[in-house]
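Engineer: Coordinates only, no sequence provided:
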């Protein structure tokens, strides 16, 4: 099986994603219970920020792994750089 750049941080990423999943379930429960809109929005904002941190960690791992090993030379530096720029633009 192919090793991706996030292999070393996979346990931490999964822990964060499980926490985010719990946050989103909490938001759903708040909506079901007709909680105050601002309180719900605060929790949505927190979940989005946490997911952004996961995305940044994945991007960092990708840059460290894919742009610094032999894949760069076999696939071309330009293609990998374009891939990285595309990933960044999707996050913004």
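Structural biologist: Received the coordinates, thanks. The structure presented is a predicted model; accordingly, all values stated were derived computationally and were not measured. Numbers count the residues shown, from 1 in each chain.

Engineer: got the contact list for residue 83?
Structural biologist: residue 66 (CB atoms under 8 Å, 6 or more residues apart in numbering). Just so you know, the C-beta spots here come from the backbone N, C-alpha and C atoms, and that holds for glycine as well.

Engineer: Pull out the buried residues from the helix or strand where it lies.
Structural biologist: Assigned by DSSP states H and E, residue 83 belongs to helix 77-91. By neighbour count with 16 or more other CB atoms under 10 Å, helix 77-91 contains the buried residues residue 80.

Engineer: Grab the nearest non-local neighbour of the residue most central in space within the chain.
Structural biologist: Computing the C-alpha centroid of the chain and ranking residues by CA atoms, centre = their mean puts residue 55 first, at 2.1 Å. Leaving aside its sequence neighbours, residue 55 sits nearest to residue 91 (CB to CB, 6 or more residues apart in numbering; 5.4 Å).

Engineer: Is the one you found in contact with residue 57, as I believe?
Structural biologist: No. If you go by CB atoms under 8 Å, residue 91 and residue 57 don't touch, sitting 11.6 Å apart.

Engineer: Please point out which parts of stretch 12-27 sit buried.
Structural biologist: Those buried within stretch 12-27 under the rule 16+ other CB under 10 Å are 13, 16, 20, 23-24, 27.

Engineer: can you list those in CSV and add secondary structure?
Structural biologist: As requested, the buried residues of stretch 12-27 are arranged in CSV below (DSSP: H, G, I helix; E, B strand; the rest coil):
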residue, secondary structure
13, helix
16, helix
20, helix
23, helix
24, helix
27, helix
